[in-house]
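Participant: fold the stuff below for me.
(4 chains)
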There are 2 protein chains.
Amino acid sequence: MTEALLAFFKALADESRLKIVGLLAQGERSVQELATLLDLKEPTVSHHLAILKAQGLVSARAEGTTRWHRLDVDVLEGLSRRVLESPETGSGAAEPETWDAKVLRGFVDAEGRLTTIPASRRKRGVVLRWLMTAFEPGRRYPESEVNVIIQSKHWDSATLRRELIGHRMLAREGGVYWRLPEAGWVEGGAATP
Amino acid sequence: MTEALLAFFKALADESRLKIVGLLAQGERSVQELATLLDLKEPTVSHHLAILKAQGLVSARAEGTTRWHRLDVDVLEGLSRRVLESPETGSGAAEPETWDAKVLRGFVDAEGRLTTIPASRRKRGVVLRWLMTAFEPGRRYPESEVNVIIQSKHWDSATLRRELIGHRMLAREGGVYWRLPEAGWVEGGAATP
DNA sequence: CTTCTAATTAGATGATTGTCGAATGACAAG
DNA sequence: CTTGTCATTCGACAATCATCTAATTAGAAG
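Facilitator: Next up, the predicted model:
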C-alpha cells in the first residue's frame, strides 16, 4: 500500500509538475501552451503529463492533433488519510515483535548461533531475552550446565552469563542458577567493563 | 507559495521517509530502532528525520542520549486544498495574458522586431494579433503603407500581409486595406503553402 | 499522396539526492 | 577524567530522474 502512495508523492514532488497542476487547476491547456508558459520543451512536458496521468491526476481530450489536458481533482481527496492508514489499519499488537525479529536476524545466524554480542544496550537486551528461552522457568541449573547451554549459542559463556545476571534474568546462589520471572527483567542491565 | 508545497511533497516522496512516517504513526521510535527496522544506517535515518522535521512532520523528545521521535499529524490536514489553492486564489482574468506575453517574449527582440514567424498555428496567431496593434481601427491604408508598417517589424511583409488577411484581421478591396473588428479574427487562419 | 503541425518516443547528459563510512558531539555512568 | 552509547555532521559515491535533441507517430489540409 505504501507503493502507490510513494508514486503519488513522487508525481507531485517536482517543481514543473506542481506548476502544471497549478495551471491545469485554472483550465484546460495544450502541451504547447504548457511548454511555453513553463519555459520547457514539448517532450519534457509530455513526460511530466504522462507521470501525472499515471496517477490519475490528469486526463486528456483530443481535438484534432491538439490534446487538451484537464486536472482530475477527485484524486486529491482524502490524501492525509491515506498517509496515516498506509502501514496497516490496526494500531498493532504485532508491533514490537517486528523490531525484535529484525535485531535477531542481524545477530543470529542460520544455525541459530549468536554471531556477535550487540554493543547497543537495547539490542543486547533483545538477544539476552532470546537467550533465556533456552532456560526453563522453575528449574535449577549448576554453573556447568548453564555454560553448556550458553555455549550452544555462543563461545563466550562467561560474559553472557554475567550479562544475564546483570539484567535480572538469571539469579545465582551458591553456585546454583535459576531463571527469574520476566517481570523483573531490567532494561539497562549491568555495564560491560 | 508553490515553494513550500514542493518541499513538502519532496519530503514525502521517498520510500524510506514514507516508511518512517508509517512507523511513527504507530508510536515513538528512536533513530536506532528505525535504522534496524528499515535496514538502514543511523546517519541515513538522521538525515531523513531532519528533512521530515523541516516540514514540521516530526518532532523529537530527548531522554538521556536517546531521542524519541513522534509524528505531528496536524500538518497533513487540508493537503489537497493547499495544492489547488497554490497558484493564486483568483480564477483569474489575467490568465491568457501570460501565455501571449510568453510567446511574444520568444519571438520579438529587444528592439520590438519580429525575429521569426512562428511555425505553430497558435503562436502565429499571437504574433499576428500583436502585429495588428500597429494599425488603427477605421483608417484605410494603401498597400505601400501596409508594407512599410509591417517591415518595421519584419522583412517579409508579403507573407505577413497574406497571413493577416487569412486570419480575417486585415481586409483588402481594390488595393486599399483596413483593419477588421477583433470579433471576426479567426483562430486557424490561412495555411502557408 | 504530400506537407505541415501537434505530440510522443528514444537516447544521452547533467543535476539532484539517497546512502554509507568516518569523524565529531553530547550525555550518562563508573 | 575516562569509557561507552546514541546521535548528528561531513565528504564522497552512486543511482535516480528531469531535461534536452533527434527521430517517429498521428491528424489535417492541400
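Participant: quick one, phi psi at the residue nearest to A:M132 when sequence neighbours are not counted?
Facilitator: Nearest residue to A:M132, sequence neighbours excluded (CB to CB, 6 or more residues apart in numbering or on different chains): A:M169, at 5.2 Å. C-betas here are computed from N, CA, C, even on glycine. Note on A:M169: its backbone torsions stand at phi -100, psi -40 [degrees, to the nearest 10].
Participant: if I look at the closest residue to A:V108 other than its chain neighbours, how far off is A:G184?
Facilitator: The shortest distance from A:V108 to any non-neighbouring residue, by CB to CB, 6+ apart, is to A:L114 (5.9 Å). Distance of A:L114 to A:G184, computed by CB to CB, to the nearest Å: 23 Å.
Participant: just the CA coordinates for the lowest-mean-pLDDT helix or strand in chain A, please, in CSV.
Facilitator: When each helix and strand of chain A is scored by mean pLDDT, DSSP states H and E, helix A:95-107 comes last, with a mean of 72. Listed next in CSV are the C-alpha coordinates belonging to helix A:95-107 (Å, rounded to 0.1, in the frame of the first residue of the first chain):
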residue,chain,number,x,y,z
GLU,A,95,4.4,-4.2,16.6
PRO,A,96,7.3,-4.7,19.0
GLU,A,97,7.8,-8.2,17.6
THR,A,98,9.0,-6.8,14.3
TRP,A,99,11.8,-4.9,15.9
ASP,A,100,13.0,-7.8,17.9
ALA,A,101,12.8,-10.1,14.9
LYS,A,102,14.9,-7.7,12.9
VAL,A,103,17.6,-7.5,15.6
LEU,A,104,17.7,-11.2,16.0
ARG,A,105,18.0,-11.7,12.2
GLY,A,106,21.0,-9.5,12.4
PHE,A,107,22.9,-11.3,15.2
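Participant: do that helix and chain B meet at all?
Facilitator: Yes: for helix A:95-107, a contact with chain B is found by CB under 8 Å from any CB of the partner chain, at A:E95, A:T98, A:W99, A:K102, A:V103, A:G106.
Participant: chain center to the next helix or strand after that helix, what's the gap?
Facilitator: Moving toward the C-terminus from helix A:95-107, the next helix or strand (DSSP states H and E) is helix A:121-132. Counting by CA atoms, centre = their mean, to the nearest Å, helix A:121-132 is centred 20 Å from the centre of its parent chain.
Participant: check which helices and strands the helix or strand hosting A:L164 sits against.
Facilitator: Under the criterion of DSSP H and E, A:L164 resides in helix A:157-166. Using 3 or more CB pairs under 8 Å, 6 or more residues apart in numbering or on different chains; DSSP states H and E, the elements in contact with helix A:157-166 are helix A:121-132, helix A:143-151, strand A:170-173.
Participant: okay, now A:F135: neighbour count?
Facilitator: 20 (other CB atoms under 10 Å in any protein chain shown).
Participant: over to A:L114?
Facilitator: Using other CB under 10 Å, A:L114 has 20 neighbouring residues.
Participant: residues contacting it?
Facilitator: A:L114 is in contact with A:F107, A:V108, A:V127, A:L131, A:K153, A:H154, counting by CB atoms under 8 Å, 6 or more residues apart in numbering or on different chains.
Participant: mind putting those residues in JSON lines, neighbour count and distance to B:R162 included?
Facilitator: Output for the contacts of A:L114, formatted as JSON lines (neighbours: other CB atoms under 10 Å in any protein chain shown; distance: CB to CB, whole Å):
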{"residue": "A:F107", "neighbour count": "18", "distance to B:R162": "83"}
{"residue": "A:V108", "neighbour count": "18", "distance to B:R162": "84"}
{"residue": "A:V127", "neighbour count": "24", "distance to B:R162": "87"}
{"residue": "A:L131", "neighbour count": "22", "distance to B:R162": "92"}
{"residue": "A:K153", "neighbour count": "17", "distance to B:R162": "92"}
{"residue": "A:H154", "neighbour count": "18", "distance to B:R162": "92"}
